[in-house]
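Peer 1: sequence-free structure coming up:
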């Protein structure tokens, strides 16, 4: 539905109102403040376990202080410990329901724990509390996509882009909402915006190629796949996709070379062998086409069910080897 990928869900601090807290003894509060500073320093240096330990101690000393729970939860999210993070962040928003940063991180924890609908609720709260924070809208869009609410996701991504128009991840994810709903023209426009902002992102070029292929603009799709291969020369799926486009354009020689490249990278993918067999069959190389089919069926017996349905292989169906293969 969208990035993650090169664009993980961000963990950000948002402007917020000063937190209310229960009163603590002065010495204990000072000790907790020292632990919070220590934890923040450890987190900044990449020592998440040390930070988590410091923040836990801070919450034990000052359980009514929101900052300790928020920082603990954010650190646990970064460490991938989503269940623990959710509990800490629920403590934070219970103490201060106006803490936008805690709601945003709670959404991240719920996404990490596959609680997507609950994540939507958390991100909605974050966006209401911090409406000028683009990442609240971005994350809301991401979660809405995963619940199938594409139109609402688009609205969230557009709001994110209104606030931060130079965000390639938001353009990419917005494009995905259109690609998923069968609107390749609108998807392509979004991917072009994303590509102009980040020309080295292969995912953007890949999805632009898919959109162009869906539109029937096959030459443009081929150019996009060639760009992907400049960035990821050992991407077997991209070689396979490009081969398919060349085949649709009627260039079986180029198509065959692409399928060969895919197979050099991944010899165990039956679909690549099947596609090479199709190209070889169209070029009249019957013997090698049959060998590819035999290997494809060996790797994945379900390929045998496809072979009789493929027009370019029809003239091979009466050969003894293919009859034996399909029997």
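Peer 2: That came through, no problem. What you see is a predicted model; the values in this text were computed from it and never measured.
Peer 1: What count of nearby residues applies to residue 80?
Peer 2: The local packing of residue 80 (other CB atoms under 10 Å) involves 9 other residues. In short, each C-beta sits where N, CA and C put it, glycine included.
Peer 1: does it count as helix, strand or coil?
Peer 2: Classification of residue 80 by DSSP: H, G, I helix; E, B strand; the rest coil places it in coil.
Peer 1: That one contacts residue 109, doesn't it?
Peer 2: No: here residue 80 lies out of contact with residue 109, judged by CB atoms under 8 Å, at a distance of 10.1 Å.
Peer 1: How about the contacts made by residue 90?
Peer 2: Taking CB atoms under 8 Å, 6 or more residues apart in numbering, we find residue 90 in contact with residue 106.
Peer 1: what's the answer for residue 107, then?
Peer 2: Contact analysis of residue 107 by CB under 8 Å, 6+ apart lists 119-120, 122-123, 126, 139-140, 143.
Peer 1: Let me see the backbone angles for residue 184.
Peer 2: phi -70, psi -30 (degrees, to the nearest 10).
Peer 1: Please report how far it lies from residue 203.
Peer 2: 16 Å (CB to CB, to the nearest Å).
Peer 1: swap in residue 231?
Peer 2: Plainly put, residue 231 is 10 Å away from residue 203 if you go by CB to CB.
Peer 1: For this protein, give me the ranges with low pLDDT.
Peer 2: Along the chain, the parts satisfying pLDDT under 70 run over 1-30.
Peer 1: try 90
Peer 2: Within the chain, the segments meeting pLDDT under 90 span 1-32, 312, 314-315, 318, 322-323, 326-327.
Peer 1: Show me the domain layout of it.
Peer 2: 1-145, 165-231, 234-327 (automatic domain parsing).
Peer 1: JSON lines please, covering those and showing distance to residue 157.
Peer 2: Formatted as JSON lines, the domains of the chain follow (distance: least, CB to CB, whole Å):
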{"stretch": "domain 1-145", "distance to residue 157": "4"}
{"stretch": "domain 165-231", "distance to residue 157": "4"}
{"stretch": "domain 234-327", "distance to residue 157": "26"}
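Peer 1: What ranges does the stretch 151-300 of the chain have for its helices?
Peer 2: Secondary structure of the stretch 151-300 of the chain by DSSP state H, counting those that start in this stretch: the helices cover 168-180, 184-197, 202-215, 218-231, 236-248, 252-265, 270-282, 286-299.
Peer 1: Throw those helices into CSV and include distance to residue 316 and mean neighbour count, thanks.
Peer 2: Formatted as CSV, these follow (distance: least, CB to CB, whole Å; neighbours: other CB atoms under 10 Å):
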stretch, distance to residue 316, mean neighbour count
helix 168-180, 35, 24
helix 184-197, 34, 20
helix 202-215, 27, 22
helix 218-231, 26, 19
helix 236-248, 17, 22
helix 252-265, 16, 20
helix 270-282, 6, 23
helix 286-299, 6, 19
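Peer 1: could I get those as CSV with distance to residue 36?
Peer 2: Compiled in CSV, the helices of the stretch 151-300 of the chain are given as follows (distance: least, CB to CB, whole Å):
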stretch, distance to residue 36
helix 168-180, 31
helix 184-197, 37
helix 202-215, 38
helix 218-231, 42
helix 236-248, 47
helix 252-265, 50
helix 270-282, 54
helix 286-299, 56
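Peer 1: quick one: secondary structure of the closest residue to residue 156 other than its chain neighbours?
Peer 2: Using CB to CB, 6 or more residues apart in numbering and skipping residues adjacent in sequence, the residue nearest residue 156 is residue 141, 3.5 Å away. With three-state DSSP as the basis, residue 141 sits in helix.
Peer 1: closest to residue 147 out of the helices of the stretch 151-300 of the chain?
Peer 2: Among these, helix 168-180 comes nearest to residue 147, with 12.2 Å by CB to CB.
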